[in-house]
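Sequence first, then the predicted structure:
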Amino acid sequence: MSDTPVPILMYHSVATAPNDATRALSVAPEAFAEQMALIGDLGLTPVNTAALAAGWRSGAPLPDRPVLITFDDGYEGVHRHALPVLAKHGFASTLFVSTGWIRGAYDTGGGLDAMLDWDQVRELAGAGCEIGGHSHTHPQLDQLDDDRLRAELVRCREIVTDELDAVPDSFAYPYGYSSRRVRQAVRAAGYAQALAVGNGLARRRQGPFALQRVTVRRSTDAEEFTRLLEGRAIARNFARDRALTQGYAVLRRARQVRRKAIRSRV
């Protein structure tokens, strides 16, 4: 079975005037349209997360040059700006929703900018966008105890199932953070595959619960976007991100050790 690397694009907000909290990880609508046109011009075929995982798991057929277009959190611009462009090209995509950030009955008020409501999520699903889970309140999952971790995963899955009458198979880790314990919990909660960040191309050998993505941000121009799709100079593009990620990982491990030490003294 092929282990040809696949670019999985990670988007967040698609917005003309994003707020300060989402600006760096937002993409202007004109840039998004240009990027989708480049995917078509380069001869890549978008598939959703479940289709890629099924292809790698069981040998289900995949196009010669697959690419994944994914969105995290659930920003309103995915419906307003991205959906018409995706529909124009006939592109598959995956939206990972933090259910406590979606406007409606379960809204916890944590959304960072204008968020989707459930009617818009259903419209996206009806247009062929796979809807996956992204936890309920978007915490750093590796910082939660076992009970809270399970609650975040199960609550998200139950709400998506109730709202869409379809069980979500795919998951994306908030902030890209995971650990062996988190990955096992995601699997136990019923998800079949999960995406991290990593800022590298996805490969089958990464395993279905640790597939890497590359970040598309407001500063990503057409030349850099083409390099991401072709897998060129990715390590150089994201060198600073990886250094920061490694630093955050050290801090998170230190916090975990400190909490365990405090609990053992209680």
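The structure has been received and is ready for your questions. Numbers count the residues shown, from 1 in each chain.

residue ranges for the strands of the stretch 51-200 of the chain, please.
In the stretch 51-200 of the chain, the segments counted as strands under DSSP state E, counting those that start in this stretch are 66-73, 93-97, 129-133, 170-172, 193-198.

what's the most buried one of the ones you listed?
Mean neighbour count (mean count of other Cβ atoms under 10 Å) peaks for strand 170-172 among the strands of the stretch 51-200 of the chain, with a mean of 28. Any C-beta I mention is one placed from the backbone N, CA and C, and that applies to glycine too.

returning to what we had before: with mean pLDDT and distance to Glu30 added, can I get the strands of the stretch 51-200 of the chain in TSV?
Listed next are these as TSV, based on pLDDT from 0 to 100; distance: least, Cβ to Cβ, whole Å:
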stretch	mean pLDDT	distance to Glu30
strand 66-73	98	17
strand 93-97	98	18
strand 129-133	98	21
strand 170-172	98	26
strand 193-198	95	25
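
out of those, which comes closest to Arg80?
Nearest to Arg80, of all these, is strand 66-73, at 12.4 Å by Cβ to Cβ.

Residues touching the helix or strand following the closest one, excluding its own?
Remark: after strand 66-73, the chain's next helix or strand is helix 77, criterion DSSP states H and E. By Cβ atoms under 8 Å, 6 or more residues apart in numbering, the surrounding residues in contact with helix 77 are 13-15, 26, 29, 114.

Recalculate using a threshold of 6 Å.
Helix 77 has contacts (Cβ atoms under 6 Å, 6 or more residues apart in numbering) with 13-15.

just stretch 30-42 next, same as before
Stretch 30-42 has contacts (Cβ under 6 Å, 6+ apart) with 14, 82, 85, 89, 225, 229.

how deep is Gly207 tucked in, by neighbour count?
Gly207 has 12 neighbouring residues, counting by other Cβ atoms under 10 Å.

what's it in contact with, if anything?
Counting by Cβ under 6 Å, 6+ apart, Gly207 touches no other residue.

And for the one 3 residues further on?
Residues near Ala210 by Cβ under 6 Å, 6+ apart: Ala196.

Check what pLDDT it gets.
Looking at Ala210, its pLDDT reads 97.

Next: Glu224.
94.

what's around it, how many residues?
Glu224 - counted by other Cβ under 10 Å - has 16 other residues nearby.

Verify the assumption that it is located in a helix.
Yes - counting by DSSP: H, G, I helix; E, B strand; the rest coil, Glu224 falls inside a helix.

Neighbours of Asp20, how many?
The burial count for Asp20: 8, using other Cβ under 10 Å.

Need the three-state assignment for it.
Asp20 falls in the coil class when you classify it by three-state DSSP.

any chance you could map the helices in the stretch 1-150 of the chain?
Along the stretch 1-150 of the chain, counting by DSSP state H, counting those that start in this stretch, helices occupy 29-41, 49-58, 77, 83-89, 118-126, 146-164.

sorry, back to before: what would the strands of the stretch 51-200 of the chain look like in TSV with distance to Ala50?
Below are the strands of the stretch 51-200 of the chain laid out as TSV (distance: least, Cβ to Cβ, whole Å):
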stretch	distance to Ala50
strand 66-73	10
strand 93-97	8
strand 129-133	6
strand 170-172	6
strand 193-198	7
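
The contacts of stretch 30-42, buried ones only, as a PyMOL selection?
Remark: buried members of the contacts of stretch 30-42, expressed as a PyMOL selection using 16 or more other Cβ atoms under 10 Å:
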select buried, resi 14+82+85+225+229
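
with the contacts of stretch 30-42 in mind, which one is nearest to Arg65?
Leu229 (9.1 Å).

what number of residues lie near the residue lying closest to the closest one once chain neighbours are set aside?
Among residues not flanking Leu229 along the chain, Pro7 sits closest, at 5.3 Å (Cβ to Cβ, 6 or more residues apart in numbering). For Pro7, the count of nearby residues is 23 (other Cβ under 10 Å).
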